[in-house]
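1. predicted model follows, preceded by the sequence.
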Amino acid sequence: EMLKENMQKWRFLQKNRYFFKTFKIILIIPYYNIFRCMKGENYMKLLIVEDEIQLADALTEILKRNMYNVDTVYDGIDGLDNALTGVYDGIILDIMLPHMNGIEILRQIRKEKISTPVLLLTARSEVEDKINGLDCGADDYLTKPFVTGELLARVRAMTRRKGEIID
Ligand code: CA
């Protein structure tokens, strides 16, 4: 009888332990992340200019999950308009875009003295554009296809550099 009672208690505790674990995952972790955002940790504002909608949306999702605030546009004109606001901590800029290509956008924003760090996305065949892009004031480039880890590392490096300039 005692043993049975103890078993029941033990089960109850186990259940509660499970409950608290779930509670922690569902409630505490998101609040912790929101708190971190409010403190301004890891809360950088990025612009993605990419006309391949699936890629653009995947990048957006990944970066948002990594606590970046992301605006996404799918063509060159919108890209230039947004970039010219100068509110971003970094721009992820595709080269081949409808209406206006990435190099042209880069040239325009540097002409306007906007120093937002720019990470160019290039296809393997666009070597000339890569060189051109760096000459026009890009900070870094990433060749498609790339893995998520590398993108995140380069975005971190890019935004870190910006922080150093401000400090
Ligand atoms: Ca493209």
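-> On my side now, so go ahead. Numbering: from 1, shown residues only.
2. which residue is it, in this structure, that comes closest to the ion?
-> Relative to the ion, the nearest point of the chain is M96 (3.9 Å; C-beta to the ion). Backbone N, C-alpha and C define where each C-beta goes, glycine included.
3. hang on, that residue packs against E126?
-> Yes - using C-beta atoms under 8 Å, M96 makes contact with E126 at a distance of 7.4 Å.
4. so A138 makes contact with T116?
-> No - with contact defined as C-beta under 8 Å, A138 does not reach T116; the gap is 10.9 Å.
5. between the two, which contacts overlap?
-> By C-beta atoms under 8 Å, 6 or more residues apart in numbering, A138 and T116 have no common neighbours.
6. follow-up on the earlier one: next up, the contacts around the residue of the chain closest to the ion.
-> Applying C-beta under 8 Å, 6+ apart to M96 gives the contacts 51, 102, 123, 126.
7. so which of these reach the ion?
-> Here is what survives when those are matched to the ion using C-beta under 5 Å from the ion: D51.
8. take the contacts of M96 and keep only those in helices.
-> Those of the contacts of M96 mapping onto helices are G102, per DSSP state H.
9. which one of the contacts of M96 is nearest P145?
-> A123 (9.3 Å; C-beta to C-beta).
10. report the contact partners of the closest one.
-> The contact partners of A123, taken as C-beta under 8 Å, 6+ apart, are 95-96, 143-144.
11. and with 7 Å instead?
-> K144 (C-beta atoms under 7 Å, 6 or more residues apart in numbering).
12. need the helix or strand of this structure with the lowest average pLDDT.
-> Ranked by mean pLDDT, DSSP states H and E, the weakest helix or strand in the chain is helix 29-38, scoring a mean of 64.
13. any idea how far the nearest residue to L97 once chain neighbours are set aside lies from A153?
-> With C-beta to C-beta, 6 or more residues apart in numbering as the criterion, L97 has its nearest non-adjacent residue at 4.1 Å, and that residue is G76. Relative to A153, G76 is positioned 27 Å away (C-beta to C-beta, to the nearest Å).
14. neighbour count winner among the two?
-> Between G76 and A153, counted using other C-beta atoms under 10 Å, the more crowded position is G76 (22 against 12).
15. you'd agree the more buried one is up against L106?
-> No - G76 sits out of contact with L106 when judged by C-beta atoms under 7 Å, with a separation of 10.8 Å.
16. what is in contact with those two at once?
-> Common contact partners of G76 and L106 (C-beta under 7 Å, 6+ apart): none.
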